[in-house]
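>>> Everything below, folded, please.
(3 chains)
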Amino acid sequence: MSRSISLKEKLGFNVFKHSAESHIRIIPGAEKNERLKLAVYVCPAGLYSLNENGDVTVTVDGCLECGTCRIACGPEILDWYYPDGGTGVQFRFG
Amino acid sequence: MEKFDVVIVGAGLAGLAAAYTLAKDGIEALVIERGDYPGAKNVTGGRLYLNPVRQYFPADFWDNAPFERPVTTEIVTMMTQENAASMRFQALEFNNPPYQSYSVQRSKFDRWFGNQAAGAGAMLVSKSRVDDLIWENGKVAGVIAGGEELGANVVLACDGVLSLVAEKAKLREPGKPEDFAVGFKEIIELPEKTIEDRFNLLPGQGAAQLFMGSLTQGRFGGGFLYTNKTSLSLGMVVSIRDLMEKQPPIEAPVLLEEFKQRPEVAALIGDGELAEYSAHVIPEAGYKGIGRLYGDGILFAGDAAGLSLNIGLTVRGMEFAIASGVLAARAIKQAFDRNDYSAASLSVYQQLLQNSFVLKDMQTFKEAPHVLDNPRFFTYYPELMGNILKDLYSFGQEPKEGLVRTVRNRLSFSDITGILKDAWGGRKI
Amino acid sequence: MNIIACVKQVFDLQQVRIKKETREPIMENIPLTIGDIDKNALEEGVRLIEQHGGKVTVVSAGSEDLEETIKEGLAMGADEAVLVIDSSLDSAESAVSAVVLAKTVKKIGEFDLILLGEGSSDNYSGQVGPRMAEILDLPLVSFVKSLKVDGHRIQAVRSLDDCMEVVEVDMPAIVMVMSEINEARIPAVTQILKAGRKPKQVLSLDEIEVDPAEMETKVETLSNLAPEQDRKQVIFKEDADTAAADLFNALQSEGFIGR
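Numbers count the residues shown, from 1 in each chain, chains lettered A, B, ... in the order given. Model prediction:
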């Protein structure tokens, strides 16, 4: 792979089954939490980002369900559960 | 409420090994898996050390297993910002069956394993998530899956490294960043022949390459590369704590991209096609990280019990999962015969694990996480090695110095005492 | 009320990867499932039975794997399955599928309503329903987005391009549903386990008395390739106003937006 491809493109190679609800929720009030800001660095799928207001936002599309953010931030900051059965990432290789 | 002898949460290696073993013993086991199929949510680096677990299965059990390649070549590469030094190890006995380890891909492997368990008589239900445990008089009495209550004499939690089932039931605390690493990898497809040429392999044989040094930019961890049949598994494992704390901060996926740009790596993966990008958390606390193994009406196996061991050159988890699954099944069989699923009755599981390689190995290497958690392994040693080799291999206009002098130039007295100190610390593993 | 829901076994299309050099799909190791809209048809049948009583028979034709795949349909609430299994049926064209399904339905005999999805997940030809209606000489209501049963009559709302059409028809009839008609249920664990024990009748082509002439394929697949993705890879990096104007001009010169 000589050409460096974006993370979004990378995730595009995976199979994701749509889930009706988001399985990761930032607990209201924790958007500016310093520990939450570290999720930006730990998430292998780059799903966390800091917006111009200094709030951390998360998108679950492309989530690899590894749980790294859950361990980094803890349940006080993230309401994190696996997506419903038959939804979310379905690895073809793993 | 429907009631089962055993409900197993998760169709990973632990859960499927347990289901297979129970089914062979004639015990009704229901495995509940949240993915579309066993393996859909599972990730390995990946290599499975098969030898330790052969004893738990019929001799011909693995004959048709979808292994990728037997690992016959081990490579370790120390990287600095400027150079890389590799050691390649081949043993003639690695070349012949029974092979001690194989590269695997979990989606294929676990589906096959699931079919073996189902063929033996286990019930396997996919696309269903276990949400919680049912409790009766202080004992675990089943699970809730998709809003439905399913009773069980005993629940075997094989729900992986996060074991949210155990956490919800207050049987364990949420994981802490210092006890876990995250592994993330790409599957890069290449023709069979190209793989064999690039890694100097005989047809069908495989290589495992570990990378340590500057690639993690001072963070605990390293890189790995395994050859599959028609692809490479290339990835990194990095401490979650270090990703959070080490300065300057860098995003995990960027580390991997920069690692891939290194010419030593780029040459191996060149012209390959990305087929998948995956990630998974790995327990890294070793013996101290072993969680609860059993309770009233419940057992834990595999990653859910924290059974995983990183001793630097080898990282093991899957064979612990398989063995603990089998041993949990044996403990359940004994409890079944006694018709007693109390913690006291199930405690035989701990005994079985202690008598097996699982807890023996974890105990032997119980200091490993502490010893390895030494930044010198990720910066100082690779640099020292790189610098000495660079001096040995470089030719300039000046006359060349003698070998001993070349080495001594790079090794001061304090370097030597530092190395001795690390070696002294390393005696514990 | 006796309802027949016809479903098709298809590859889980999301799992299919495309070979880059040839643009051919890679079909090895792909899990099989029941088509998405077919699940809506079955779901509608199960809901009608839950309301009015009766039974739902799920009918399908395909290769040996079908016995396993159909469990999903039984878990969703079908009372029984009638399957025609033959290795030739996996990639059968619409005309053949229609004949096989119509003969199977005849064999079953008693029914009030046949439900199908508007099109299959893989080929989406939308032909099987109309062809079955012709063979069985039954009224057909297609593009149905909601369905009511009142005695011997059904009332269906058809979702057409520019209007909704309400149709009433006497049963027996064939109804082809759209995906928006309902949300197919995700079966509970016990339903999945029970599915394996529900009655399942497996028939051969001989048993449903298919004439070999009717099995003759008339459609030849010349190629099955993924669409070519021709990305221009043009990025407009100037300030927003200039970039927007440049993008507009570029799209216009490619003929994607009007003059």
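>>> excluding its backbone neighbours, what's nearest the closest residue to chain B within the stretch 151-259 of chain C?
Closest residue of the stretch 151-259 of chain C to chain B, Cβ to the nearest Cβ: residue C:188 (4.5 Å). Any C-beta I mention is one placed from the backbone N, CA and C, and that applies to glycine too. In space, residue C:188 comes closest to residue B:148 once its chain neighbours are excluded; the distance is 4.5 Å by Cβ to Cβ, 6 or more residues apart in numbering or on different chains.
>>> can you pull the contacts of the residue nearest to the spatial centre of chain B?
When Cα atoms, centre = their mean is applied to chain B, the residue found nearest the centroid is residue B:317 (3.8 Å). By Cβ atoms under 8 Å, 6 or more residues apart in numbering or on different chains, residue B:317 lies in contact with B:44, B:282-283, B:302-303, B:307-309.
>>> switch the cut-off to 7 Å
Shown in contact with residue B:317 (Cβ atoms under 7 Å, 6 or more residues apart in numbering or on different chains): B:282, B:303, B:308.
>>> separation between it and residue B:180?
In this view, residue B:317 and residue B:180 are 12 Å apart by Cβ to Cβ, to the nearest Å.
>>> Surely residue B:296 is in contact with residue B:343?
Yes: if you go by Cβ atoms under 7 Å, residue B:296 and residue B:343 touch, sitting 4.7 Å apart.
>>> The two: who's more crowded?
residue B:296 (18 against 15; other Cβ atoms under 10 Å in any protein chain shown).
>>> how's chain C carved up into domains?
C:2-215, C:229-259 (automatic domain parsing).
>>> what's the burial count for residue B:406?
Residue B:406 has 18 neighbours, counted by other Cβ under 10 Å.
>>> and it, that's in a helix?
Yes: Residue B:406 forms part of a helix when assessed by DSSP: H, G, I helix; E, B strand; the rest coil.
>>> got a list of what it touches?
B:388, B:391-392.
>>> ok, so what distance separates it from residue B:380?
Taken as Cβ to Cβ, the span from residue B:406 to residue B:380 is 18 Å.
>>> same deal with residue B:194?
In terms of Cβ to Cβ, residue B:194 sits 36 Å off from residue B:380.
>>> same deal with residue B:390?
Distance from residue B:390 to residue B:380, by Cβ to Cβ: 15 Å.
>>> Next: residue B:80.
10 Å.
>>> and if you look at residue B:121?
55 Å.
>>> any residues in contact with both of residue B:317 and residue B:180?
With Cβ under 7 Å, 6+ apart, residue B:317 and residue B:180 have common neighbours residue B:282.
>>> which parts of the stretch 151-300 of chain B sit against chain C?
residue B:273 (Cβ under 7 Å from any Cβ of the partner chain).
>>> what about the closest residue to chain C within the stretch 1-150 of chain B, neighbour count?
Using Cβ to the nearest Cβ, residue B:148 is the residue of the stretch 1-150 of chain B that sits closest to chain C, at 4.5 Å. Residue B:148: 15 surrounding residues under other Cβ under 10 Å.
>>> With residue B:66 instead?
Neighbour tally, residue B:66, other Cβ under 10 Å: 16.
>>> Quick check: it is in a helix.
No: applying three-state DSSP, one finds residue B:66 to be coil, outside a helix.
>>> what residues are up against it?
Contacts of residue B:66 (Cβ under 7 Å, 6+ apart): B:108-109, B:112.
>>> of the residues you listed, closest to residue B:132?
residue B:109 (29.0 Å; Cβ to Cβ).
>>> so the closest one is in which element?
Residue B:109 is located in helix B:106-120, with elements delineated by DSSP states H and E.
>>> What would that helix look like as CSV? C-alpha coordinates only.
Presented in CSV, the C-alpha positions along helix B:106-120 are these (Å, rounded to 0.1, in the frame of the first residue of the first chain):
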residue,chain,number,x,y,z
ARG,B,106,-10.8,-15.3,13.7
SER,B,107,-13.7,-14.8,11.5
LYS,B,108,-12.9,-18.0,9.5
PHE,B,109,-11.5,-19.9,12.5
ASP,B,110,-14.3,-19.3,14.9
ARG,B,111,-16.9,-20.1,12.3
TRP,B,112,-15.3,-23.4,11.8
PHE,B,113,-15.0,-23.9,15.6
GLY,B,114,-18.6,-23.1,16.0
ASN,B,115,-19.5,-25.7,13.4
GLN,B,116,-17.5,-28.3,15.4
ALA,B,117,-19.4,-27.3,18.6
ALA,B,118,-22.8,-27.4,16.9
GLY,B,119,-21.8,-30.7,15.2
ALA,B,120,-21.1,-32.2,18.7
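>>> Direction included, what does whichever helix or strand comes after that helix pair against?
Remark: after helix B:106-120, the chain's next helix or strand is strand B:123-125, criterion DSSP H and E. Take DSSP bridges as the rule and strand B:123-125 pairs in its sheet with strand B:29-32 (parallel).
>>> what does chain A put close to chain C?
A:15, A:17, A:85-86, A:92.
>>> Now do the same for the nearest residue to residue A:25 once chain neighbours are set aside: helix, strand or coil?
In space, and not counting its chain neighbours, residue A:25 is closest to residue A:79: 4.2 Å by Cβ to Cβ, 6+ apart. Look at residue A:79: counting by three-state DSSP, its state is strand.
>>> quick one: which of residue B:80 and residue B:380 has more around it?
Each of residue B:80 and residue B:380 has its neighbours counted (other Cβ under 10 Å); residue B:80 has more, 19 against 16.
>>> mind listing what the more buried one touches?
Contacts of residue B:80 by Cβ under 7 Å, 6+ apart are B:213-214, B:382-383, B:386.
>>> residues contacting the residue lying closest to it once chain neighbours are set aside?
Residue nearest to residue B:80 in three dimensions, not counting chain neighbours: residue B:386, with 4.2 Å by Cβ to Cβ, 6+ apart. Applying Cβ under 7 Å, 6+ apart to residue B:386 gives the contacts B:78, B:80, B:82-83, B:85.
>>> could you redo the last one with a cut-off of 8 Å?
Counting by Cβ under 8 Å, 6+ apart, residue B:386 has contacts B:78-80, B:82-85, B:213.
>>> the strands in chain A, which residues?
Assigned by DSSP state E, chain A shows strands spanning A:15-17, A:24-26, A:48-50, A:56-58, A:78-80, A:88-90.
>>> Residue B:105 and residue B:318, how far apart?
12 Å.
>>> Over to residue C:115?
From residue C:115 to residue B:318 the distance is 46 Å (Cβ to Cβ).
>>> Among those two, which residue is more densely surrounded?
Comparing residue C:115 with residue B:318 by other Cβ under 10 Å, the one with more neighbours is residue C:115, at 30 against 27.
>>> Just list whatever residues bridge to that one.
Bridge pairing for residue C:115 - DSSP bridges - gives residue C:5, residue C:175.
>>> That one and residue C:3 touch, don't they?
Yes: the criterion here is Cβ atoms under 8 Å, and residue C:115 meets it with residue C:3 at 6.3 Å.
>>> picking that back up, among the contacts of residue B:386, which are in helices?
Counting by DSSP state H, no part of the contacts of residue B:386 is found in helices.
>>> Make CSV from those residues and add pLDDT to it.
Below are these laid out as CSV (pLDDT from 0 to 100):
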residue, pLDDT
B:78, 94
B:79, 94
B:80, 93
B:82, 91
B:83, 91
B:84, 93
B:85, 93
B:213, 93
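>>> which among those residues end up buried?
B:78-80, B:83-85, B:213 (16 or more other Cβ atoms under 10 Å in any protein chain shown).
>>> Please list the members of those that lie in strands.
Per DSSP E, those map to strands at B:78-79, B:84-85, B:213.
>>> which secondary structure element contains the closest residue in space to residue B:213 that isn't next to it in sequence?
Take residue B:213 and drop its neighbours on the chain: the residue closest to it by Cβ to Cβ, 6+ apart is residue B:382, 3.2 Å away. Per DSSP H and E: residue B:382 is located in helix B:380-393.
>>> Distance to residue C:72 added to the contacts of residue B:386, as a markdown table?
Shown next, in a markdown table, are these (distance: Cβ to Cβ, whole Å):
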| residue | distance to residue C:72 |
| --- | --- |
| B:78 | 52 |
| B:79 | 49 |
| B:80 | 55 |
| B:82 | 57 |
| B:83 | 56 |
| B:84 | 51 |
| B:85 | 54 |
| B:213 | 50 |
